[in-house]
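# got a sequence here, can you model it:
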Amino acid sequence: MNSLTVSISPHVKNRESVPKIMWTVIACLMPVLILSFILYGWRVLALTGISVASCVAVEAACQRLMKRKIRISDGSAVLTGILMAFVLPPGLPLHFPILGAVMAIFIGKQLMGGLGYNIFNPALLARAFLMVTFPALMTTAWILPTPLTELGYPGQWIAALNGMPAVDAVTSATPLGVLSEQGAEAFRNRFGSGLGLYGSFFIGYKPGCIGETSGLLLLIGGLVLMIKKYISWHIPVSMLGTIALLTWIFGGDTLFSGDPLLAVLSGGAILGAFFMATDYVTSPSNKMSQLIFGMAIGALTVLIRLKGGYPEGVCYAILLVNPLSTVLDGWFKRQRFSPAPEPKPEVKAEPNPEVKAEAKEDPKPESKEEPKPESKSDDKSEAKAESKEEPSASDKAETRSADEVNASSNADDKEGGAK
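The predicted structure follows:
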């Protein structure tokens, strides 16, 4: 009996749990981490390992100091550490993830109440903090990917897709940075054009943050989460669709001349759509709210990319829309309408037939009740009149004789009733 858990209803039977969901998402991100290690070397594993260890240590310390149950085994701190590393340039100094872990776990999560109470995505909050504090390093610490000649047959295949010699390596500047700062012509000169460019970016051979490499692997991981119903399609599809549509309309030299596919494959759009914007705590739960949530993130991303001073806008777009998740759920909450209940007709309670039978067999004499005074005011006025005027001796005698006559008449009535 002690092994049973008693909780408040409703009771839902489900094999899924927070640790299982967290570790499944982590498993879906591992192929991207492996590819980043192949492209950028040991710094990828070092930054990711320090980020995960820092997040777990900060969370355990915070829970111990705040006298909460230590829950580092649920995988939420590990996932935050991996996602934080995925949005950092691979050339950053190794102490940066420690600073980011303090902001992500202590400020963005534990001070707000812990898992389930944070308003902003912790990993993106850490990136925004590092971006504001160290803007030069965060925008220049890129590493050249490994030359295609050292990747063997996969490198030759990527080179053939992109139509460039296998001995060349792409520039260390990010595609969005080159496009924003130097224009479309410089972008085509450095990264190529046509289907080969899309194939190279889709596979993942491009400079950028650790987790922004392969759109293919990110899509596979997102589809796994959809199949297991950990996330729905509403936020990723609406976000990526809005980015593609608005870039096509406003992203070119003239209206309707932008490159929507390049906008989706460049930067952190796919990573943000499937693994950042779909965070359970900071995203809406209603389907219509999720569609509007994703469209708002996509619109802000395009606005920051085209008009802002920073070439990538996914991080800030998600953080700006995170506080609106509760508001959107409140706006599109399903209302239940039901007609007002009709008044029920009054049903007079019939006496018990057994009681009726007993009343017929043993009738009892009816008791006469004296009439009650009509109102309290009359009683008070009569009492005042009696208190003011005392009855005379003759009045008292008449009252006594009347009482005696009434008593005798009552006695005769009782005798007649008994006969």
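
# just the element for Trp23, please.
Assigned by DSSP states H and E, Trp23 belongs to helix 18-40.

# go on, Ala186?
helix 184-191.

# tell me which residues of the very next helix or strand once past that helix are tucked away?
Downstream of helix 184-191, the first helix or strand assigned by DSSP H and E is helix 195-203. Buried positions in helix 195-203, judged by neighbour count with 16 or more other C-beta atoms under 10 Å: Gly196, Leu197, Tyr198, Gly199, Ser200, Phe201, Phe202, Ile203. Glycine gets a C-beta too; all of them are placed from N, C-alpha and C.

# how about stretch 99-113?
Within stretch 99-113, the residues that count as buried by 16+ other C-beta under 10 Å are Leu99, Gly100, Ala101, Val102, Met103, Ala104, Ile105, Phe106, Ile107, Gly108, Lys109, Gln110.

# contact partners of that stretch?
Residues outside stretch 99-113 that contact it (C-beta atoms under 8 Å, 6 or more residues apart in numbering) are 51, 54-55, 57-59, 62-63, 66, 77, 80-81, 84, 88, 115, 118-123, 125-127, 129-130, 133.

# run the chain-centre distance for it.
Counting by C-alpha atoms, centre = their mean, to the nearest Å, stretch 99-113 is centred 18 Å from the centre of its parent chain.

# how far does it stretch from one end to the other?
20 Å (C-alpha to C-alpha, to the nearest Å).

# where does the stretch 251-400 of the chain have low pLDDT?
For the stretch 251-400 of the chain, the stretches flagged by pLDDT under 70 are 334-400.

# and the strands in it?
Using DSSP state E, counting those that start in this stretch, no strands are assigned anywhere in the stretch 251-400 of the chain.

# now do the helices in the stretch 101-250 of the chain.
Taking DSSP state H, counting those that start in this stretch to define them, one finds helices in the stretch 101-250 of the chain at 122-133, 135-140, 153-162, 175-181, 184-191, 195-203, 215-227, 234-250.

# take the ones you listed and lay them out in TSV including distance to Val327.
Listed next are those as TSV, based on distance: least, C-beta to C-beta, whole Å:
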stretch	distance to Val327
helix 122-133	19
helix 135-140	31
helix 153-162	44
helix 175-181	30
helix 184-191	38
helix 195-203	35
helix 215-227	25
helix 234-250	16
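
# ok, of the ones you listed, where does mean pLDDT dip lowest?
If you rank these by mean pLDDT, helix 153-162 sits at the bottom with a mean of 61.

# quick one, phi psi at the closest residue to Gly251 other than its chain neighbours?
Distances taken as C-beta to C-beta, 6 or more residues apart in numbering place Gly258 nearest to Gly251, at 2.7 Å, with adjacent residues excluded. Here is the backbone geometry of Gly258 (degrees, to the nearest 10): phi -80, psi 170.

# what does Tyr310 give?
For Tyr310, the backbone dihedrals (degrees, to the nearest 10) come out as phi -120, psi 130.

# got a list of what it touches?
By C-beta under 8 Å, 6+ apart, the contact list for Tyr310 reads Met131, Thr139, Ile304, Tyr316.

# now with 7 Å?
When contacts are counted by C-beta atoms under 7 Å, 6 or more residues apart in numbering, Tyr310 is found next to Ile304.
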